[in-house]
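Any chance you could fold what I've pasted below:
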Amino acid sequence: MNTGPGLFSDIGKKAKDLLTRDYLTDQKISVSTSSVTGVHIKYGATHCSLGLGYVATVLRHTLQHKSSRGRKVVKAITSSATKKGGLSTGDVGAVYKYNNILVDIATTLTFTELVPSTKTIASFKVPDFNSAKVEVQYFHCHATLASAVALSQTPTIDVSATIGTPKFVIGAEAGYETSSGRLTKYTAGDTLRASYIHHLDQSKKTAAVGEIIRRFSLNDNTFTIGGSYAVDHLTVVKAKLNNQGKLGALLQHEIIPKSLVTLSSELDTKALDKTPKFGLALALKP
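From the prediction side, this is the model:
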């Protein structure tokens, strides 16, 4: 729908994704399945000690759901995590898509093109309905505008805008708190971000990236370089290093089509006496 500069939150997104996506320092498992009826179901859990019982439960449900794909029936079975000495979190969600309407049964309802070049998003969290908000996004060939209103007794209003092209963007955002009558955030002119990505293959799995962020109010500069390298068509390695001495690396392998296992680590090169952090993620999509 959008061929313009994109949203303010999307500025530098490609570089940010390459430098942050799939890097983690805990354990995570997620399962995503879909059916011919248009329902997309996601399962996920993140905790410090993944129990083998939970993994087996998820794998078992994945196989059950896959075997019933030929029928127009979707079964949602809630899996439980086995906690062994660590904090555990889990979630189950379902998404249904019909034409230009996307319904996230857990949290979000999205309407696209109700009015030309617009997207309307209503979201909430159960049972905390005070977290509900409505966002309207407008897209133009040279500008975008987004406004979000929190539906609470003391609503906050967030507004952001960008102008430019898909390759060069200038933007600003501001937040207004109705209870106090003051701006809660104002980023115009405070943050300068520049990034560059160079892809070395057609699949875009091998690339080099650099990003510089300047925050004038804090007199702070952050410089990060990184890259990804496709070992083969199933395996990718990534690494990154910033001027604060944080070194990250990961290895991602496609065990079966669309299902990935990721091993990652983080090391503080300015504090080599500290133990490096490690993470493990398993994403299954039958």
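
CA atoms for contacts and neighbours, from now on please.
Fine.

by contact count, what packs against the helix or strand containing residue 195?
Using DSSP states H and E, residue 195 falls within strand 191-199. Where contact means 3 or more Cα pairs under 8 Å, 6 or more residues apart in numbering; DSSP states H and E, strand 191-199 is packed against helix 13-20, strand 207-215.

Do I have it right that residue 216 meets residue 190?
Yes. Here residue 216 reaches residue 190: they are 5.3 Å apart, a contact under Cα atoms under 8 Å.

Tally up the residues packed near the closest residue in space to residue 258 that isn't next to it in sequence, please.
Closest residue in space to residue 258, ignoring its immediate chain neighbours: residue 285 at 5.7 Å, by Cα to Cα, 6 or more residues apart in numbering. By the measure other Cα atoms under 10 Å, the count of residues near residue 285 is 16.

Equivalent analysis for residue 214, please.
16.

Contact partners for it?
191, 192, 193, 220, 221, 222 (Cα atoms under 8 Å, 6 or more residues apart in numbering).

circling back to that earlier point, turn the helices and strands packed on strand 191-199 into CSV, including mean pLDDT and distance to residue 269.
Listed next are the helices and strands packed on strand 191-199 as CSV, based on pLDDT from 0 to 100; distance: least, Cα to Cα, whole Å:
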stretch, mean pLDDT, distance to residue 269
helix 13-20, 90, 18
strand 207-215, 93, 19
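
could you dump these to CSV with distance to residue 260?
Listed next are the helices and strands packed on strand 191-199 as CSV, based on distance: least, Cα to Cα, whole Å:
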stretch, distance to residue 260
helix 13-20, 16
strand 207-215, 20
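
if we can go back for a sec, isn't the residue nearest to residue 258 up against residue 259?
Yes. When contacts are counted by Cα under 8 Å, residue 285 is listed as touching residue 259 (5.3 Å).

Bridging across strands, which residues link to the closest residue to residue 161 other than its chain neighbours?
Nearest residue to residue 161, sequence neighbours excluded (Cα to Cα, 6+ apart): residue 145, at 4.5 Å. In this entry, residue 145 is beta-bridged to residue 138, residue 161, by DSSP bridges.

Check residue 145 and give its pLDDT.
Residue 145 carries a pLDDT score of 93 in this model.
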